[in-house]
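Engineer: Turn this into a structure:
(chains A and B)
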Amino acid sequence: MATGAQVTAGPAGSGTPDGPEPPERTSAARRLRPAEIPLFVLAFLLPPRLTPSRVKHDRRYRTLDKYRFVCGFLALPLAIYAVFVVSPFVQAFYYSLTDWTGYSADFTFVGLENYERLLDDSDFWASLTNSLTFLVLAPALTLGLGLFFAFMLRAGGRRARGEAISGVRGAKFYTIVYFFPQVISVAIIGVVWAAVYDPITGPLNEAFRAVGLDGLAQNWLADPDLALWSVLFVLCWSFIGFYVVLFSAAMGSVPKDIYEAALLDGAGRTVTFFRVTLPLIGDSVRTGWIYMGIQALDAFAIVHIMTINKGGPGNSTLVTPVYLYKKAFESAQAGYATAIGVVLLLVTMAFAAIMMLVGRRERIEY
Amino acid sequence: MGPADVDRRNLIKRATALGLLAAPAMGALTSCASGGGGGNEKISGGEKTDQNPLGVNEKAGLEVVIFNGGYGEQYAKDAHKIYEGRYGSVKHDATQKIRTTLQPRIIKGNPPDVINNSGAEAMDIASLIAEEQAEPLDALLDAPTLDDPDTKIRDVLVPGTITKGQFGGEEMYQLNYSFTVYGTWYSQTALDRLEVEYPKTWDQMLAVCAKAKKEGIAGWTYAGKHPYYFAFTMYPFIAKIGGPDVLKAIDNLEPGAWKHDAVRKAFDAYYELYAKGYILEGTPGIDHTQSQTQWNKGKALFIPNGSWVENEAKKTTPADFEMRVAPPTSLDSSDAMPFETVWAEASEPFMVPSRAKNVPGGMEWLRIMLGKESTANFTQLVSALTCVKGAADGLDLQSGLASASEVLKAAGENVVAPRIHDWYLELHKDKIGGTIAAMMAGDIKPAEAVTRCQRFADETAKDDSVRKYER
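Structural biologist: Got it, this is the predicted structure:
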C-alpha cells in the first residue's frame, strides 16, 4: 500500500529516473548540504510551479512536496489558533508575573510575587474550596440525575409487545422539556432563580407557606449554610437537560439485542442499567463529566448575578472566577487576578487529565 | 509505510509541537492587551478671554460619556446645547458599562474628554490617578463661574466637594456633581398613622418599632443583597456616639479603630433591632429594589438609603407616601455629636482624562454644568441636589428632596463624610458590609462583628497591594 501511494504521490515522483544507487550516496542524500538549504527552504515556501528544477528533480523532493502540501493547509488555521488561543494564554502567564493594574500600559515585572500572595490569601482559599466543592458535587449530581432521567426515557416504560425496552410514556416530550434550561441564557437563569429564592415574594417560599409548611420557608441565599447549596441546585438544574439529551442519544445507539439478551438472562432494570447501559456509554459519561466539571469550576454568571454581595454571605458562595473578577475589576489588580486565572487553568487541566486517565479503558465496539 | 510517510497521528503531534513553538513568537508579534497606542493628538487651545477663561479651542469638538443610570442622560444633553452654542459640536455617548467601553480606550490613550465615571462599572479612580490618566481639575476650580465673573468656582461648591475629589494630594481629580444625603428614610404618612414622631434617641426608636410591630409592621428593612447600604446610617451613627475622630481613625486604618466603644455601642443598638424582631422578615436575602418596594408598600417603617431613592423608587411610591429623610437616630444624651449630624457628600463623579484630545473643553463643559441653568435643570430633572451651594433654593422640590435639603441645612457644620468607601472599596463593600449583614441576619453577635471588622481593617492595612490614604 505504501509503495503504491508513493508512486502516485506526484508527477515528480514518476518522472524521476530510479536507477540503482551506491549505498554511501543514499546516506549522504538524506542529509542536505549547507549550500542546498536555502534553495530547499525557498522551494518549500513557493507554490509548486515555481519550484526550481534543481529541487524538483532531487529525490528528496517527494518528502518536501508532502510536507509543503500538509503545511499549506495547516498554516492558516494554526496561525489563527496561535494568535487567538495560544498567545492569550502565554500573555496571561506573563501578566501574572507583573503588577499590572489594568488601567495603563505600564507595569513592572515582579516575578512570582503574585503567587506568593495567593498562598496567604484566605479569600482565595475560600473561593477555591467552594469551586472544588462544585467540581466534586455538580458533575456527580448532574450526571447522576441526567443518567437516571435518560434511562427512564429510554428504558423506564412498560414493555411494549415485541420490544425489549421502551421509554416512559411521552418520552419525546420530556426530552424537549428537559432541554429548555439549556436554551435560556445563563443571565436569565440567574435572574429568574434569584427571584424564585426571594424570601418575601419568591414563589418557593410562597409555595411552602401555601401548603402550611412555613417552617420550610427559608432565606435561601442569605443563610450561609444554605446559600452554596441553593447555587449548586441552580447550576445542576441548568445543565441536567443537556445530559439527558446527550445520554439519551448515547443509549439509543446501544443495540437492542444486548438488552434482549440481558432480559433473557433475567436482568431487571437496575441490573440492566449498571451491567449493560452504563458500561456501554462510558465514553459519553466521561466526556460529560469533564465538561460539567469545567462548567462547575466556572459558575461565574450564576454566582455573580444571584448571590448576596457577589459571593456572600461572607465568602460562603465565593467561587474562584468571581474572586478573579473582583480583583481584576473592582480592586484594579489585573496582574494578581491573572495569577488567579493561571491557577484556575492549572486546576482545570489537572482535573481534565485525571478524568482522562481514570476513565481510560478499552472501547467496546458494537 | 515508507519512512517519510506522515500518518495522521504523527501529523497531529507535529502540528501541536509547531503550534506550541510558534506561540511565544506570536505573543511577541501580536499586540498585547496592555499595548499602548500612539494616543491622541492634542488639539491646540484657544485664546483665554473673560468669556473663555479656560482657553477652549472654539472650533474643536468634544466627546462626553455619561453613565446612563439613575440620573439618566437628559441633563447632560441639555448642557451640550449650551456648550455647542459657544464652541464646537459635542459627541454624546451614554452607557451603563463605563469600564467595559472606556478602559480599553484609556489604555490605548484615546479617551473621551469627559467621563461620568459612575455606576457598578465605575473605573477605580485611585488607579487612574496613579497611572496619570486623570487630569487635575484645579484650573476649573480657579475659573470664574458661568454666572458671575468675579466668583471662583472653588467658592461656590458645597464644603467637602473638593476634598471628595482629592486622593492623598492637593489636586482635585474628580468633580462629584450631585450631592447625596444619606440617612434614615421613612414615610411621614406611615409615622402619622402610628401617631409617632421620628425617633431622636435609640430608646424612642425601639419604642416606635415596638408599636409598629403590634400593628404587624416591621421597623426596618434594607438592601440585604448589598449590605453596604447599612453603612449609610451606621457610619454617621458611630460618629455621633464617639465623635468624628472615630470615623477618621477607621478611614486611616488605625490599629484598634474598630475597637472604639462607639462602634460597639452602635453595633449593639442595631443588633437589638434584629434581636427584638424589628427587621422585616426575609430582608437579608432581598435586593435594594425589593427592599424599597416593601418599604413603599408600608411593610417596614425605616430604610437606610441615599437621596437617589426618591427617584429610583418613583414607580412604587404611593402618591400619599410623603417620603422624608432624617439624620440617623442618636443613641442617647451622652452622644458626642448632636442629633442633626448627617452623612452627606458629593457624589456622581466626573473626570477629564489627561490624554483626552480637548482637555480645556472637558473642563469648560463641567463649568457649564456648574452654572445656574444646568444645576437647576439637573435638580428638577432627576430630583437630586448638586454640589453648588444654594443651587436648589427657590426651586419647587419633591418631598424627599426638600427634606434632604432641610436636613443638610439643619446639620450645618455637623456633616460627616467617611472616605473608607472610596479609598478601600473592597474592605467597605465586601468585608465590613458582609460583617454587618451577618450581624443583622443574626449569624454573629456584635462582639464578633467588631472583632471581624478590626481583623479585616488590619488585613487591608497590611496588604501592600492596596494603596493607602490618610486624612
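
Engineer: of all of the stretch 151-300 of chain B, which residue lies closest to chain A?
Structural biologist: B:Gly282 (3.1 Å; C-beta to the nearest C-beta). Just so you know, the C-beta spots here come from the backbone N, C-alpha and C atoms, and that holds for glycine as well.

Engineer: contacting residues for the closest residue to that residue other than its chain neighbours?
Structural biologist: For B:Gly282, ignoring the flanking residues on the chain, the nearest one in space by C-beta to C-beta, 6 or more residues apart in numbering or on different chains is A:Pro199 at 3.1 Å. By C-beta atoms under 8 Å, 6 or more residues apart in numbering or on different chains, the contact set of A:Pro199 is A:205, A:217-220, A:222, B:281-286.

Engineer: again, only using 7 Å
Structural biologist: A:205, A:219-220, B:282, B:285-286 (C-beta atoms under 7 Å, 6 or more residues apart in numbering or on different chains).

Engineer: in what helix or strand does it lie?
Structural biologist: Under the criterion DSSP states H and E, no helix or strand holds A:Pro199.

Engineer: so where's chain B shaky on pLDDT?
Structural biologist: Filtered on pLDDT under 70, chain B yields the residue ranges B:1-40.

Engineer: Domain map for it?
Structural biologist: Domains of chain B are assigned by automatic domain parsing as B:62-178+B:346-393, B:181-344+B:417-462.

Engineer: Which of the three states applies to B:Val56?
Structural biologist: coil (DSSP: H, G, I helix; E, B strand; the rest coil).

Engineer: since we're on residue 131, how many residues are nearby?
Structural biologist: In the absence of a named chain, chain A is used. By the criterion of other C-beta atoms under 10 Å in any protein chain shown, A:Ser131 has 23 neighbours.

Engineer: not what I meant, chain B
Structural biologist: Neighbours of B:Glu131 (other C-beta under 10 Å): 19.

Engineer: What of the one 4 residues further on?
Structural biologist: Other residues within reach of B:Glu135 by the criterion other C-beta under 10 Å amount to 22.

Engineer: same deal with B:Asp268?
Structural biologist: Summarising burial for B:Asp268: neighbours were counted as other C-beta under 10 Å, giving 18.

Engineer: secondary structure element for it?
Structural biologist: With DSSP H and E as the test, B:Asp268 turns up in helix B:261-275.

Engineer: Buried ones in that helix, by neighbour count?
Structural biologist: B:262-271, B:273-274 (16 or more other C-beta atoms under 10 Å in any protein chain shown).

Engineer: next one: stretch B:397-414
Structural biologist: Buried, per 16+ other C-beta under 10 Å, within stretch B:397-414: B:397, B:399-405, B:407-408, B:411, B:414.

Engineer: and those residues, which two are the farthest apart?
Structural biologist: Within the buried residues of stretch B:397-414, B:Ser399 and B:Asn414 form the most distant pair, 23.2 Å apart (C-beta to C-beta).

Engineer: for chain B, what are the nearby residues on the stretch 101-250 of chain A?
Structural biologist: Counting by C-beta under 7 Å from any C-beta of the partner chain, the residues of the stretch 101-250 of chain A close to chain B are A:101-107, A:197-200, A:219-222, A:224.

Engineer: Which of those fall within helices?
Structural biologist: Among these, the ones falling in helices (DSSP state H) are A:Tyr197.

Engineer: are any of the residues of the stretch 101-250 of chain A next to chain B buried, and which?
Structural biologist: Taking 16+ other C-beta under 10 Å as the criterion, what is buried in those is A:101-105, A:107, A:197-200, A:219-222, A:224.

Engineer: out of the residues you listed, who's nearest A:Ala296?
Structural biologist: A:Leu221 (18.5 Å).

Engineer: Tell me the first helix or strand C-terminal of the helix holding B:Asp268.
Structural biologist: helix B:288-296.

Engineer: to the chain's geometric centre, what's the distance from that next one?
Structural biologist: 20 Å (C-alpha atoms, centre = their mean, to the nearest Å).

Engineer: what's the helix or strand just after it packed up against?
Structural biologist: Remark: after helix B:288-296, the chain's next helix or strand is strand B:300-306, criterion DSSP H and E. Applying 3 or more C-beta pairs under 7 Å, 6 or more residues apart in numbering or on different chains; DSSP states H and E, we find strand B:300-306 packed against strand B:175-187, strand B:218-220, helix B:231-242, helix B:288-296.

Engineer: how far is the very next helix or strand once past the third one from where the chain is centred?
Structural biologist: Okay, so that is helix B:231-242. Counting by DSSP H and E, the next helix or strand C-terminal to helix B:231-242 is helix B:244-251. Mean-position distance between helix B:244-251 and its chain equals 19 Å (C-alpha atoms, centre = their mean).
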